[in-house]
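Asker: Need the 3D shape of this:
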Amino acid sequence: MFTKIIDQDKITKVADLIDKADKAVIVTHVSPDGDAIGSSLGLYHYLIDQGLDATIIVPNEFPYFLKWLKGSKDILIYEKYPDFAEKLISETDLIFCLDFNVLSRIKNVGLAVEESKAKKVLIDHHPYPSDFSDVCISHPEISSTSELVFRLICRMGDFEMMSKDSAEAIYMGMMTDTGAFTYNSNDSQIYYIIAQLLNKGIDKDYIYSKVYHSYTADRYRMMGHMLSERMKIYEEYGAGLIWLDNDDQKRFNSQKGDTEGFANLPLNIRGVTFAVFMREDDGMIKISLRSQGDFPCNTFSAQCFNGGGHLNASGGEFYGSLVEAMALFENTLPEYADLLINNKNNLEKK
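Answerer: Got it, this is the predicted structure:
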């Protein structure tokens, strides 16, 4: 058995809200990743099996290597159908907010959610959730929102009713948010949950292959170009920076999701414990930060890039040029010199 981390009062409230609802909408953050899609589809299949009319709404497109999951074709893209999405949100009885902690993380969808009279349930593992939901299930110590969805379903007494489709989506979300269980995954209860999902008939090797063996040749050419021409290592800090500008992405026909995992690449280099990936996007620079050990990349992100997240994995945005974003990163590194050097030394001692 796993530890009952979610308060029983919250379990009871969510179960009651589901029991009273006819319609439900699930929303998740902009540029949805594996955990966002996995947790949403895991909950979606459960709600459908409970007899609810459920819809998943995402702010924008999600990666092609997640579109094999059952139910993914029914996900509504807000950017494509904003009026229809807002109508569903305004008319629903219940809104589940997954894998984000503030409404700004769902961009234009946030206003519709805020104005909706529906009851709202937040399920998330990012720190410092804002106060916009009727029930807030927030546990930053848990490695993924997908794991929290599994725990919620089980605590409501419905594990036996969980379908293979739901289990498959939940496993995928847990897998992708831990780098296939290579970080933030030392909790033994994660593997207890995986065992229960396997008992539902999922094929974990197949899921891994569908996610990580489905990239395009152009994606690998872009990766090679980046590692050869767009990487800088700061040996004195144990830090690495990689980046892609718009021309790079156009040259290699970059698609949504092609840069997934790039932020981790410098961490494969001996002596690098802090990695930052910068990518030109529409009117901004998208920033992804990763670390090993105890270095708080979320603190670094909050200071420089209006971001946040977890100790070892966080994100942010910079409104300016790529050159300016890189300069800000380089100018801030010395402020974290002691933390970086101590973290590097501690890891080398292990």
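Asker: Distance from the chain centre to the lengthiest helix in the chain, please.
Answerer: Secondary structure of the chain per DSSP state H: the longest helix is helix 34-49. Taking C-alpha atoms, centre = their mean, to the nearest Å, one finds helix 34-49 lying 14 Å from the centre of the chain it belongs to.
Asker: Equivalent analysis for stretch 333-340, please.
Answerer: A distance of 27 Å separates the centroid of the chain from that of stretch 333-340, by C-alpha atoms, centre = their mean.
Asker: least trustworthy helix or strand in this structure by mean pLDDT?
Answerer: The weakest-scoring helix or strand in the chain, judged by mean pLDDT, DSSP states H and E, is strand 308-309 (a mean of 86).
Asker: Let me know the next secondary structure element after it.
Answerer: strand 313-318 (DSSP states H and E).
Asker: Which elements pack onto that following strand?
Answerer: Counting contacts by 3 or more C-beta pairs under 8 Å, 6 or more residues apart in numbering; DSSP states H and E, strand 313-318 packs against strand 284-291, helix 297-305, strand 308-309, helix 322-332. In this view, the C-beta of every residue, glycine as well, is placed from N, C-alpha and C.
Asker: could you pull out the strands for the stretch 151-300 of the chain?
Answerer: Using DSSP state E, counting those that start in this stretch, the strands of the stretch 151-300 of the chain run over 231-234, 239-244, 274-281, 284-291.
Asker: Of all these, which one is nearest P140?
Answerer: strand 284-291 (15.8 Å; C-beta to C-beta).
Asker: what's the offset of that closest one from the middle of its chain?
Answerer: 13 Å.
Asker: Stretch 329-337 too?
Answerer: 26 Å.
Asker: and if you look at stretch 129-142?
Answerer: Remark: stretch 129-142 is offset 15 Å from the chain centroid, using C-alpha atoms, centre = their mean.
Asker: That stretch spans what distance, first to last residue?
Answerer: 14 Å (C-alpha to C-alpha, to the nearest Å).
Asker: related to what we said a few turns ago, quick one: closest of the helices and strands packed on strand 313-318 to P32.
Answerer: Closest to P32 of these is strand 284-291 (C-beta to C-beta; 14.0 Å).
Asker: State the distance from K107 to T55.
Answerer: K107 sits 18 Å away from T55, going by C-beta to C-beta, to the nearest Å.
Asker: So between the two, which is more surrounded?
Answerer: Neighbours per residue (other C-beta atoms under 10 Å) separate K107 from T55, with T55 holding more: 20 against 15.
Asker: Just to check, that one is in contact with E91?
Answerer: No: contact criterion C-beta atoms under 8 Å: T55 and E91 do not qualify, at 10.5 Å.
Asker: Need the strands of the stretch 151-300 of the chain in a markdown table (columns: mean neighbour count, distance to V323 and mean pLDDT).
Answerer: Formatted as a markdown table, those follow (neighbours: other C-beta atoms under 10 Å; distance: least, C-beta to C-beta, whole Å; pLDDT from 0 to 100):
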| stretch | mean neighbour count | distance to V323 | mean pLDDT |
| --- | --- | --- | --- |
| strand 231-234 | 15 | 13 | 98 |
| strand 239-244 | 23 | 10 | 98 |
| strand 274-281 | 23 | 10 | 97 |
| strand 284-291 | 24 | 10 | 96 |
